[in-house]
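Visitor: I'll drop the sequence and a predicted model, then ask my questions.
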Amino acid sequence: MNNLSMVKTLPRTGFDVDAVRRDFPILNQQINGKPLVYLDNGASAQKPVAVLDAMDRYYREMHSNVHRGAHTLGDRATSAFEGARETVRAFLNAESTKEIIWTRGTTEAINLVANGLAQRLKPGDEILVSHMEHHANIVPWQMIAERTGAKVVPVQVTPAGELDLDSFNNLLGEKARVLALTHVSNVLGTINPIAALIEQAKARGVITVIDGAQAVPHFQPDVQALGCDFYMFSAHKLFGPTGIGVLYGKAQLLEEMPPYQGGGEMIERVSFERTTWNTLPYKFEAGTPAIAEAVGLGAAIDYLGGLDRAGMKASEEALLVRANELVDTVPGMQVIGTADKKVPVMSFKIEGLHPSDIGTLLDQQGIAIRTGHHCAMPLMDFYGVPGTARASFAFYNTLEEVEQLFTALQKIQRLFA
């Protein structure tokens, strides 16, 4: 018998989690003889049938290379590909599709921007990042700093896992040139107050680069309202396919930046004397793009648009509330990151247990979580831990699955007590 109280029910809304789960066929399986409980959504979310069908339809009915094809299949493929770009533009509320660049993911998008901004940086300039950043929003800036003589300066976080606003205000000085900040922490789940921070940075002429990879699965950003210069995310975290992501950038800045890669599509004219660049967005899209993946991302956004988003948000919030209620039922369990404003992510440690052991033992009970440093070693150093176990929830998870997680953790804790 465990220490959990009776399973609570999700708030009554137009959002039907049981119906939604039927849209995700991968969830209907057993792992190690147990029903799959997938709580690794922060690493990669699962895909609805709508995405699978859209990509299958593309390959079955319209596959061809895009642009310049003088035949029907080429026209179909181009229409689907550029239609997906418009879907992304509307999702982010960008002003124009010229501002939507296809990338391989958030990591490539950040590298593209960092390399493009290098020409603006000189020795002594400062690039502000936070202690809660993913390595993808630290390492590219370190590489550019090495090339230019600029300096990467970390903004501190509080023990609760919130951005230290005093640290931010102190660092936002005359030398600051770039602010590279995550919208939502992949480890802590913290939702940063980026609108206010962007406003402060803009007042000082600082370019703002926002990593939205962990934000877009939970809410829809409005880049015009935010006023950021760049915003990026990966499709596979937004219930879409792997291998594709999005970079939003203000057109003026993108025009001023040099191309990131050379090759086909990104050129206007090539000669051995001189090459000129294509117009936006193609200037940054060298080579044959991930066409089917773009179609899949468009389908994922359309799928989300058909859900009761308010109900979805309430459902996710209820999952995190319930998880927090159950922490005390596992002796020695400590949550890392207790910010007031969070998405449903819970990083934790259990006294006497290594995170990797927790992950392995949960997998034996059919429960998938993530363990390790989560590509956030500076944050692990801040908390003085080698890593954590992380359960990250999505709208298709249930309160019953939260209960199963904590029942399993109790079992593991008793085993090692």
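Guide: Structure's in. What do you need? Numbering: from 1, shown residues only.
Visitor: distance of residue 254 from residue 279?
Guide: Distance, residue 254 to residue 279, by CB to CB, to the nearest Å: 10 Å. The C-beta positions use only the backbone N, C-alpha and C, and glycine is treated the same way.
Visitor: what is in contact with these two at once?
Guide: Both residue 254 and residue 279 are contacted by residue 98, under the criterion CB atoms under 8 Å, 6 or more residues apart in numbering.
Visitor: more neighbours, these two?
Guide: Neighbours were tallied for residue 254 and for residue 279 using other CB atoms under 10 Å; the higher tally belongs to residue 254 (22 against 9).
Visitor: Help me confirm that that one is found in a strand?
Guide: No - going by DSSP: H, G, I helix; E, B strand; the rest coil, the assignment for residue 254 is helix, not a strand.
Visitor: List of residues touching the worst-scoring helix or strand of the chain on mean pLDDT?
Guide: When each helix and strand of the chain is scored by mean pLDDT, DSSP states H and E, strand 267-270 comes last, with a mean of 88. If you take CB under 8 Å, 6+ apart as the criterion, strand 267-270 is touched by 275, 276, 277, 278, 279.
Visitor: Angles on the backbone of residue 208, please.
Guide: Residue 208 adopts backbone torsions of phi -110, psi 130, taken as degrees, to the nearest 10.
Visitor: thinking it is in contact with residue 229, fair?
Guide: Yes - Residue 208 is within contact range of residue 229, at 5.0 Å (criterion: CB atoms under 8 Å).
Visitor: Out of the contacts of strand 267-270, who's the most crowded?
Guide: Among these, the one with the most neighbours (other CB under 10 Å) is residue 278, at 18 neighbours.
Visitor: So it versus residue 265, what's the distance?
Guide: Per CB to CB, residue 278 is found 7 Å from residue 265.
Visitor: Same check on residue 99?
Guide: Separation of residue 99 from residue 265 (CB to CB) stands at 17 Å.
Visitor: Between these two, point out the one with more neighbours.
Guide: Ranked by neighbour count (other CB under 10 Å), residue 99 and residue 265 place residue 99 first, with 23 against 17.
Visitor: can you pull the contacts of that one?
Guide: Here residue 99 is in contact with 89, 248, 249, 250, 251, 254, 280, 281 (CB under 8 Å, 6+ apart).
Visitor: if we go to 6 Å?
Guide: By CB atoms under 6 Å, 6 or more residues apart in numbering, the residues touching residue 99 are 248, 249, 251.
Visitor: just to revisit the earlier point, give me the subset of the contacts of strand 267-270 lying in strands.
Guide: Counting by DSSP state E, the contacts of strand 267-270 place 275, 276, 277 in strands.
Visitor: Sketch out the strands for the stretch 251-400 of the chain, chain order is fine.
Guide: With DSSP state E, counting those that start in this stretch applied, the stretch 251-400 of the chain shows strands at 267-270, 275-277, 333-336, 345-350, 367-368, 370-372, 388-392, listed in chain order.
Visitor: Packed most tightly, which of the ones you listed would that be?
Guide: Of all those, strand 388-392 carries the top mean neighbour count, a mean of 27, counting by mean count of other CB atoms under 10 Å.
Visitor: centre of the chain versus that strand, how much separation?
Guide: With CA atoms, centre = their mean, to the nearest Å as the basis, strand 388-392 stands 16 Å off its chain's centre.
Visitor: when you give positions from now on, start the count at 375
Guide: That works, and once the first residue is 375, the last one we named lands at strand 762-766.
Visitor: tilt between it and strand 719-724?
Guide: Taking axes from the mean of the first three to the mean of the last three CA atoms, to 10 degrees, one finds strand 762-766 and strand 719-724 inclined to each other by 150 degrees.
Visitor: helices or strands next to strand 762-766 in the packing?
Guide: In terms of contacts (3 or more CB pairs under 6 Å, 6 or more residues apart in numbering; DSSP states H and E), strand 762-766 is packed against strand 719-724, helix 729-737.
Visitor: Redo those as TSV? Include distance to residue 569 and mean pLDDT.
Guide: As requested, these are arranged in TSV below (distance: least, CB to CB, whole Å; pLDDT from 0 to 100):
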stretch	distance to residue 569	mean pLDDT
strand 719-724	21	98
helix 729-737	34	97
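Visitor: In a markdown table, list those along with distance to residue 750.
Guide: Below are these laid out as a markdown table (distance: least, CB to CB, whole Å):
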| stretch | distance to residue 750 |
| --- | --- |
| strand 719-724 | 10 |
| helix 729-737 | 13 |
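Visitor: For residue 561, find the nearest of these.
Guide: Checking the helices and strands packed on strand 762-766 against residue 561 by CB to CB gives strand 719-724 as the closest, at 5.2 Å.
Visitor: what's next to that closest one, contact-wise?
Guide: So strand 719-724 is contacted by 416, 561, 563, 697, 706-711, 762-766 (CB under 6 Å, 6+ apart).
Visitor: If we ignore the residues flanking it in sequence, what's nearest the spatially most central residue of the chain?
Guide: Centroid check for the chain by CA atoms, centre = their mean gives residue 587 as the closest residue, at 1.5 Å. Among residues not flanking residue 587 along the chain, residue 480 sits closest, at 4.4 Å (CB to CB, 6 or more residues apart in numbering).
Visitor: ok, now residue 502?
Guide: residue 553 is the one closest to residue 502 (CB to CB, 6+ apart), at 4.8 Å.
Visitor: Please apply the same query to residue 541.
Guide: Nearest residue to residue 541, sequence neighbours excluded (CB to CB, 6+ apart): residue 530, at 3.9 Å.
Visitor: Rounded mean pLDDT for stretch 485-503, please.
Guide: Stretch 485-503 shows an average pLDDT of 97 in the prediction.
Visitor: And that stretch, what's buried?
Guide: For stretch 485-503, burial by neighbour count (16 or more other CB atoms under 10 Å) applies to 485-492, 495, 499-503.
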